[in-house]
Structures are given as C-alpha cells and as structure tokens.
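# Coordinates only, no sequence provided:
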C-alpha cells in the first residue's frame with residue numbers, strides 16, 4: 001500500500017467528507033489525491049422544484065465536481081496521484097422526486113468513467129457509489145424524504161475507510177469503482 005500524501009477533500013464540513021478528513025489525517029495524509037464529496041439536494045417533483053434550486057443541485061453535485069477536478073488535475077498528473085469522485089446509488093437507479101439529484105449523480109458516474117479513460121496511466125481514478133448514510137444530508141427534509149427510522153444505513157466512517165483503501169493503492173493499481181452500502185441497503189440493487 002502506498003502512503004497517503006496531500007489530500008484535498010470537498011464537502012469536508014460534515015458527513016462522509018468530514019469522516020474522510022479524519023481518516024486521512026489519522027493515516028498521515030498530506031495534494032496527491034482529491035476526494036469530491038460535496039453534495040446537496042432539493043426534493044420534490046420536477047415541476048414543483050423551482051428551476052434555480054434544481055440547477056443549483058446540478059451545479060454543486062456535477063459541475064462542482066468537474067471544477068475541482070479541473071483545478072487539481074495538473075497537480076495530480078505531476079504527482080501521479082489519485083482522484084476519488086462521489087456519486088450515489090441514485091446515480092444508478094432512479095427515485096421519484098429526486099430528478100436533479102439523480103441527474104447530477106448519473107452525470108458524476110459518466111464524468112468519472114470518461115475521465116478514467118482519458119487519464120489512464122497518468123492518474124488513478126476511482127468512482128465511489130455510496131448508499132444511504134447516517135449524515136446531516138437528510139436533516140431538515142420533509143418526513144417523506146427522510147429514510148424511515150428502521151433504515152439500514154452505513155456510518156460515514158465505514159465508507160471513509162473504503163475511500164482510504166482506494167487512495168492507498170500502489171501507483172498503477174486502481175480500484176476503479178466501489179459500491180459501498182449497508183448489507184441491507186434499500187436503494188441497492
């Protein structure tokens with residue numbers, strides 16, 4: 001396993017991003033890697049969600065990922081570093097009242113797969129597809145958009161461990177895609 005170098009993590013203020021920050025620091029991490037975990041949502045049917053809110057979800061979740069990667073790419077190529085992008089199981093299957101979120105997360109999957117082909121041999125690229133997690137992501141939502149109380153969700157620290165695994169692969173060896181869910185995840189398969 002390669003030791004962690006400098007790691008840039010977006011969305012590091014809470015949830016999976018924050019847990020990954022802690023895991024990187026605990027593993028001795030320093031910019032040889034980027035993890036894009038920032039995300040937002042605006043629940044409701046396509047016709048009910050205001051256009052500016054819908055577009056903001058796309059801007060943060062998909063375009064924000066691309067902007068961070070664009071800025072970091074020259075540094076990652078120089079260090080032969082690793083990129084881990086974060087999609088969602090809702091990037092593989094759809095859910096009603098989540099058109100913006102699903103569109104953005106499907107987009108992250110396509111972007112990451114294309115970037116992996118484009119940068120093959122120069123940087124490592126991993127696509128993380130997590131299921132639901134116990135994070136503030138669901139706070140403040142109407143009850144119909146929250147996981148039920150008995151939902152089997154992952155803890156972000158457990159998913160962060162999978163991110164560390166991808167970041168620590170030897171140069172030239174990549175974990176291309178990871179679907180990381182609770183064994184009883186309701187959104188997968």
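Looks like it arrived, so ask away. All figures in this text were calculated on a predicted structure; none of them were measured in a lab.
# strand partners of the lengthiest strand in the chain, parallel vs antiparallel please.
If you go by DSSP state E, the chain has its longest strand at strand 124-130. Strands that pair with strand 124-130, judged by DSSP bridges, come out as strand 82-86 (parallel), strand 177-180 (parallel).
# Return the most buried member of those.
Highest mean neighbour count among these (mean count of other C-beta atoms under 10 Å): strand 82-86, with a mean of 26. Every C-beta, even on glycine, is put in place using the N, C-alpha and C of the backbone.
# Show me what the helix or strand that that one is followed by is packed up against.
Sequence-wise, the next helix or strand downstream of strand 82-86 (DSSP states H and E) is helix 99-118. With contacts taken as 3 or more C-beta pairs under 8 Å, 6 or more residues apart in numbering; DSSP states H and E, helix 99-118 sits against helix 51-58, helix 64-79, strand 82-86, strand 124-130.
# Could you identify which of these has the lowest mean pLDDT?
Among the helices and strands packed on helix 99-118, helix 64-79 carries the lowest mean pLDDT, at a mean of 88.
# residues touching the nearest residue to residue 125 once chain neighbours are set aside, list them.
Nearest residue to residue 125 in three dimensions, chain neighbours excluded: residue 116, at 3.9 Å (C-beta to C-beta, 6 or more residues apart in numbering). Residues in contact with residue 116, defined by C-beta atoms under 8 Å, 6 or more residues apart in numbering, are 125, 127, 174, 176.
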